[in-house]
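*Asks:* Let's see this in three dimensions:
(chains A, B, C and D)
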Protein chains: 2
Amino acid sequence: MARERKFNTVELFNEAKQLLLHNGYDGFTFSHLADRMQVSRAALYKYYENKEELITDLMIYEMEEFLHELKEIEKLEGFEKQFDFLMDIIFKKTEIHHLIKAAVHVIARLDRSNTNKEKLEKLPLEMYTYLNSFILKGKEDGKLKSHIPDSLIIGFILQSVAIPNHFRIPHQEWLNSIKEIIRQGMFNNC
Amino acid sequence: MARERKFNTVELFNEAKQLLLHNGYDGFTFSHLADRMQVSRAALYKYYENKEELITDLMIYEMEEFLHELKEIEKLEGFEKQFDFLMDIIFKKTEIHHLIKAAVHVIARLDRSNTNKEKLEKLPLEMYTYLNSFILKGKEDGKLKSHIPDSLIIGFILQSVAIPNHFRIPHQEWLNSIKEIIRQGMFNNC
DNA sequence: ATTAAAAGTTACATTAGTGTCACTTATATT
DNA sequence: AATATAAGTGACACTAATGTAACTTTTAAT
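*Replies:* Below is the predicted model of the structure:
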């Protein structure tokens, strides 16, 4: 009975993600997004009460997708292979790191009235849990130094995607160097 | 002949820095700053044409101060001591890292009419030059792995302050672990 | 005491975004 | 063909920030 929709959720999320990564939370506006979707601003309000709701929905979608991919790590045998898989996936989906950072920022501002808040708060934790069991395995196998805090190990790995490659070092060389530093450090004497 | 000023530049910069680090570039407003300085908004326009000018002035001030402290690195003998000094100074002035990131963001938005643009663009370069000669020394001394790109080494060190310490690991333990990872990595097998 | 001039304030016009509501349009079902 | 209904639009009132201009206040020098 209804008229055909001019856009679907996936299209909207893709545009929204671009806008968010480009302009940041504050620079992200319904006006802007509506323009890009070739639709009136008011139309967006048919689906989302405000930008907070849209952004939290988007983040839940993105993080769930990432978690889904991350779960594949369980299928791999041995810590070394898991480590490589993790690094590759993080560098394949660089955006997720920025979105997670943005999420922390957004969560802080949400009031408890937002129905998404609970769900959104759980996801980074779920991710940490996954990574944590990976870290644990690494320590049990004697691969990872046991005296280094788990949260620092996770933080270091996740943070490494954010190092700006100002001089455009080729991707593979860059990634391999990062893996080496994480594994063995940047100092020679061993 | 003139009336006494209600605030000086240093006070203004301190408040501005807090605001900027807390609210980000977009959340930083003259209204807000004026409130905190207990002064009318229009008064700020007596000294700065707009927030862009204020923020670029602030960044130049902060980065020059940081560079000044960084120069002390030359007085130290030996790469190891210089490395420790660098890590300590970076973790003592955590803000500078966030300000530099913000600076990159601000520079991108500046139009060439802004008189500060040139000056602001030079400062990160000057910093990189300093750090670069330190890296070079490390490589020449055989301390640093020579096949790892200089810019990655610098990036890794600078980025390490941004790892969120969610679980409030005590500062010294946190810093020492970071130094260890940077030096020798997080893997056991050597 | 007068006065020049910088310091500061109040009030206004402008801009860009928000959220809402009455309205129009398209389309599948009857 | 008629109609119910979801999709979409245009116009309105509201808010928060910007930048400017006319103004008042303070104070050191004459």
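
*Asks:* Next, count neighbours for the nearest residue to A:S146 once chain neighbours are set aside.
*Replies:* Leaving out its chain neighbours, the residue that sits closest to A:S146 by C-beta to C-beta, 6 or more residues apart in numbering or on different chains is A:K139, at 4.8 Å. C-beta: built from backbone N, CA, C; applies to glycine. A count of nearby residues for A:K139, using other C-beta atoms under 10 Å in any protein chain shown, gives 18.

*Asks:* element containing A:K139?
*Replies:* helix A:116-140 (DSSP states H and E).

*Asks:* how about the residues of chain A that lie near chain B?
*Replies:* Within chain A, the positions near chain B by C-beta under 8 Å from any C-beta of the partner chain are A:24, A:26-27, A:104, A:142-145, A:147-149, A:151-153, A:155-156, A:159-160, A:162-167, A:169, A:173-174, A:177-178, A:180-190.

*Asks:* circling back to that earlier point, buried sites along the helix holding A:K139?
*Replies:* A:116-117, A:120, A:123-124, A:127-128, A:130-131, A:134-135, A:138-139 (16 or more other C-beta atoms under 10 Å in any protein chain shown).

*Asks:* Between the residues you listed, which sits nearest DNA strand D?
*Replies:* Among the buried residues of helix A:116-140, A:N116 lies closest to DNA strand D (C-beta to the nearest atom of the strand), at 20.3 Å.

*Asks:* quick one, what contacts A:I60?
*Replies:* A:N116, A:K119, A:L120, A:L123 (C-beta atoms under 8 Å, 6 or more residues apart in numbering or on different chains).

*Asks:* Let me see the contact set for A:L86.
*Replies:* The neighbours of A:L86, taking C-beta under 8 Å, 6+ apart as the test, are A:L70, A:I73, A:L131, A:F134, A:I157.

*Asks:* tell me what the helix or strand containing A:I157 is packed against?
*Replies:* For A:I157, the host element (DSSP H and E) is helix A:150-159. Contact here means 3 or more C-beta pairs under 8 Å, 6 or more residues apart in numbering or on different chains; DSSP states H and E; on that basis helix A:150-159 packs against helix A:79-92, helix A:94-109, helix A:116-140, helix B:171-184.

*Asks:* on that earlier part again, quick one, which of the residues of chain A next to chain B are buried?
*Replies:* A:24, A:143-145, A:148, A:151-153, A:155-156, A:159-160, A:163, A:174, A:177-178, A:180-187.

*Asks:* looking at chain A, which helix or strand is least sure?
*Replies:* Every helix and strand in chain A was compared by mean pLDDT, DSSP states H and E; the lowest is helix A:94-109, with a mean of 82.

*Asks:* mind listing what the residue nearest the centre of chain A touches?
*Replies:* Centroid-nearest residue in chain A: A:I96, 2.2 Å away (criterion: C-alpha atoms, centre = their mean). Contact partners of A:I96, counting by C-beta under 8 Å, 6+ apart, are A:E62, A:M63, A:F66, A:I90.
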